[in-house]
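Asks: sharing a model that was predicted from the sequence below.
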Amino acid sequence: MTTRRQILAATAIAAPVILTRTAHAEDVIRIGLITPLTGPFASTGEEHVAAVKLYMAQHGDMVAGKKIELIIKDDASVPDTTKRLAQELIVNEHVQILAGMGLTPLALAVAPLATQAKVPLVVMGAATSSIPAASPYIVRSSFSVPQVASVIGDWAAKNGFKTAMTMVSDYGPGIDNEVWFRNSFEAAGGKMLGALRVPLANPDFAPFLQRVADAKPDGLYIFVPSGIGSTLMRQFTERGMEKSGVKLIGSGDVLDDELMDQIGDVSLGVVSAYHYSDAHDSALNRSFTAGVEKSARIRANMMGVGGYDGMALIYKALELTKGDASGPALLAAMKGLSWESPRGPVSIDPDTRDIIQNVYLRKVQKVNGRLENVEFQTYPAVKDPAKASAKTPG
């Protein structure tokens with residue numbers, strides 16, 4: 001039988017250990033990275049992890065005297081799993097920062113938890129415009145759909161496209177693409193002939209492409225998740241639609257740099273707008289892309305740069321707070337930050353907590369035998385136009 005003396009003795013021995021761990025914990029900042037590493041969007045997680053680890057390898061794992069500890073969790077792109085993992089990271093792992101969020105439903109599932117726990121949530125992927133409004137603790141390092149769609153709508157109307165149609169996947173980002181392409185295209189003098197929404201799961205593009213062929217617009221603007229963009233482009237080409245006078249343009253999602261080799265020559269000549277290309281001509285981007293390709297054996301893409309800049313945002317904020325990782329302090333430090341990214345100059349809008357960045361017009365070309373999205377025009381320092389007249393809570 002255990003005696004009271006034995007219990008007291010054990011407690012006396014254990015106490016210094018507990019105190020040591022607590023003191024040590026104060027010198028550690030834990031970041032919980034939740035991203036899909038299995039399932040249909042596993043490539044998103046692969047890019048996030050490769051880019052985050054690359055940033056840490058290049059900049060070290062110490063910031064303002066604090067050691068950075070990265071805890072990686074696979075949510076398989078299931079919102080309920082994302083929410084459960086976030087709860088566990090906050091309650092059991094005592095993370096001070098959450099990050100990742102490859103898709104819109106995943107970010108929205110975690111938003112209330114970030115608010116309740118006052119833990120900053122750095123969104124490295126999800127791009128629906130409304131995401132930062134879901135929690136005052138969300139800061140986005142990726143992009144917003146309206147930034148991209150509004151740019152190419154404006155460009156198309158000013159570059160020979162008198163009429164256009166849109167074809168988008170029927171969910172949040174697709175609807176954002178449809179709305180903001182139309183808004184900017186019409187504002188610049190173009191005429192819309194129709195808007196088509198394709199089911200997200202198992203889409204059959206044939207009947208939609210036939211409606212486009214019947215309407216004969218000058219251009220068809222497309223947005224679908226990157227994995228199925230090749231199918232849509234191939235069917236567009238097989239139907240001879242460009243030869244009939246319809247030009248294909250799109251969001252950069254459908255021309256994912258990581259998948260360009262798989263998409264193949266059907267993409268040649270397609271013009272898109274996006275905030276990043278792995279062909280962006282800068283020394284920092286060449287270092288970034290080479291690092292990702294060497295460490296993970298994949299081409300860097302928009303998810304990778306969102307992860308890389310998410311870590312830059314965290315590190316720079318911690319430097320400003322001198323290692324204070326409390327939610328309100330970090331959030332205040334993140335607002336208004338600016339730095340040079342592999343994509344070009346970026347900053348965090350202090351009013352909306354969304355990223356401000358260049359958006360580029362690109363055209364698919366074969367460079368030294370490799371398909372690349374080659375930038376040919378820059379729209380500098382683009383804010384999310386959806387928030388221009390309605391600011392999100394600060």
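Replies: Received it, and whenever you're ready, just let me know what you need.

Asks: only C-alpha atoms from now on, for both contacts and neighbour counts.
Replies: Fine.

Asks: could you pull out the helices in the chain for me?
Replies: For the chain, helices defined by DSSP state H occupy the ranges 4-26, 42-59, 79-91, 104-117, 145-157, 172-187, 206-215, 226-238, 260-263, 283-296, 302-321, 327-334.

Asks: nearest to Val367, of these?
Replies: For the helices of the chain, proximity to Val367 was assessed by Cα to Cα; helix 260-263 is nearest, at 12.2 Å.

Asks: tally up the residues packed near Thr163, please.
Replies: Thr163: 22 surrounding residues under other Cα atoms under 10 Å.

Asks: who does it form a beta bridge with?
Replies: Lys191 (DSSP bridges).

Asks: for it, what are its contacts?
Replies: Contact analysis of Thr163 by Cα atoms under 8 Å, 6 or more residues apart in numbering lists 190-193, 217-219.

Asks: domains of the chain?
Replies: Per automatic domain parsing, the structural domains of the chain span 26-143+281-348, 146-274+360-387.

Asks: report the spatially nearest residue to the residue most central in space within the chain, omitting neighbours in sequence.
Replies: Nearest to the mean C-alpha position of the chain, by Cα atoms, centre = their mean, lies Gly125 at 2.2 Å. Sequence neighbours aside, Gly102 is the residue nearest to Gly125 in space, at 4.4 Å (criterion: Cα to Cα, 6 or more residues apart in numbering).

Asks: how much space between that neighbour and Met167?
Replies: Computed as Cα to Cα, to the nearest Å, the Gly102 to Met167 distance reads 22 Å.

Asks: looking at the two, which is more packed in?
Replies: Gly102 (28 against 24).

Asks: that one against Val122, yeah?
Replies: No. At 10.9 Å, Gly102 does not count as touching Val122 under the criterion of Cα atoms under 8 Å.

Asks: just list whatever residues bridge to the nearest residue to Pro132 once chain neighbours are set aside.
Replies: Using Cα to Cα, 6+ apart and skipping the chain neighbours, the partner closest in space to Pro132 is Ile138 (5.3 Å). As for beta bridges, Ile138 partners with Leu121 under DSSP bridges.

Asks: quick one, what contacts Ile138?
Replies: Ile138 makes contacts with 111, 114, 120-123, 131-132, 353, as judged by Cα under 8 Å, 6+ apart.

Asks: can you select the buried ones from the residues you listed in ChimeraX?
Replies: Those of those that count as buried under 16 or more other Cα atoms under 10 Å are selected in ChimeraX with:
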select :111,114,120,121,122,123,131,132,353
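
Asks: now, which of the contacts of Ile138 sits nearest Gly45?
Replies: For the contacts of Ile138, the minimum distance to Gly45 (Cα to Cα) is 12.7 Å, reached by Val123.

Asks: now Arg299: phi and psi?
Replies: For Arg299, the backbone dihedrals (degrees, to the nearest 10) come out as phi -80, psi 140.

Asks: nope, Ser129 is what I meant
Replies: Per-residue torsions, Ser129: phi -60, psi -40 (degrees, to the nearest 10).

Asks: find the nearest non-adjacent residue to it, please.
Replies: In space, and not counting its chain neighbours, Ser129 is closest to Ser144: 5.3 Å by Cα to Cα, 6+ apart.

Asks: for stretch 314-323, what does the pLDDT average out to?
Replies: For stretch 314-323, mean pLDDT rounds to 98.

Asks: same check, this time on stretch 77-96
Replies: Across stretch 77-96, pLDDT averages out at 98.

Asks: show me the contact partners of it.
Replies: 29-32, 34-36, 39-41, 73, 75, 98, 102-103, 105-106, 109-110, 113, 117, 119-120, 325-327.

Asks: which intervals of the stretch 251-394 of the chain have sub-threshold pLDDT?
Replies: Counting by pLDDT under 70, the ranges of the stretch 251-394 of the chain that qualify are 389-394.

Asks: kindly recompute the last result at 50.
Replies: When residues are selected by pLDDT under 50, those of the stretch 251-394 of the chain lie in 389, 391-394.

Asks: how about the stretch 1-150 of the chain?
Replies: Residues of the stretch 1-150 of the chain that meet the criterion pLDDT under 50 lie in 1-24.

Asks: and if we set it to 90?
Replies: For the stretch 1-150 of the chain, the stretches with pLDDT under 90 are 1-26, 40-41.

Asks: so who does Lys335 touch?
Replies: Contact analysis of Lys335 by Cα under 8 Å, 6+ apart lists 348-351, 353.

Asks: any idea which of the residues you listed is closest to Ala157?
Replies: Asp349 (28.2 Å).

Asks: tell me how far that closest one lies from Ser338.
Replies: In terms of Cα to Cα, Asp349 sits 9 Å off from Ser338.

Asks: same check on Gly39?
Replies: Distance, Gly39 to Ser338, by Cα to Cα: 34 Å.

Asks: which one of these two is surrounded by more residues?
Replies: The neighbour comparison of Gly39 against Ser338 (other Cα under 10 Å) goes to Ser338, with 18 against 12.

Asks: so what's the residue count around the residue lying closest to that one once chain neighbours are set aside?
Replies: Nearest non-adjacent residue to Ser338, counting by Cα to Cα, 6+ apart: Ser347, 3.9 Å away. Ser347: 22 surrounding residues under other Cα under 10 Å.

Asks: quick one: residues contacting Ser347.
Replies: Neighbouring residues of Ser347 by Cα under 8 Å, 6+ apart: 336-339, 355-357.

Asks: now, the residues you listed that are in strands?
Replies: With DSSP state E as the criterion, strands contain 338-339, 355-357 from among the contacts of Ser347.

Asks: wait, which of the residues you listed is closest to Thr237?
Replies: Gln357 (32.6 Å).

Asks: hang on, the earlier thing: go through the ones in strands among the contacts of Ser347 and say which is closest to Leu209.
Replies: So of the ones in strands among the contacts of Ser347, ranked by how close each gets to Leu209 (Cα to Cα), first place is Gln357, at 33.1 Å.

Asks: pretty sure that closest one is touching Pro342, no?
Replies: No. With contacts counted by Cα under 8 Å, Gln357 stays clear of Pro342, the gap being 11.3 Å.

Asks: I appreciate the help and will end here.
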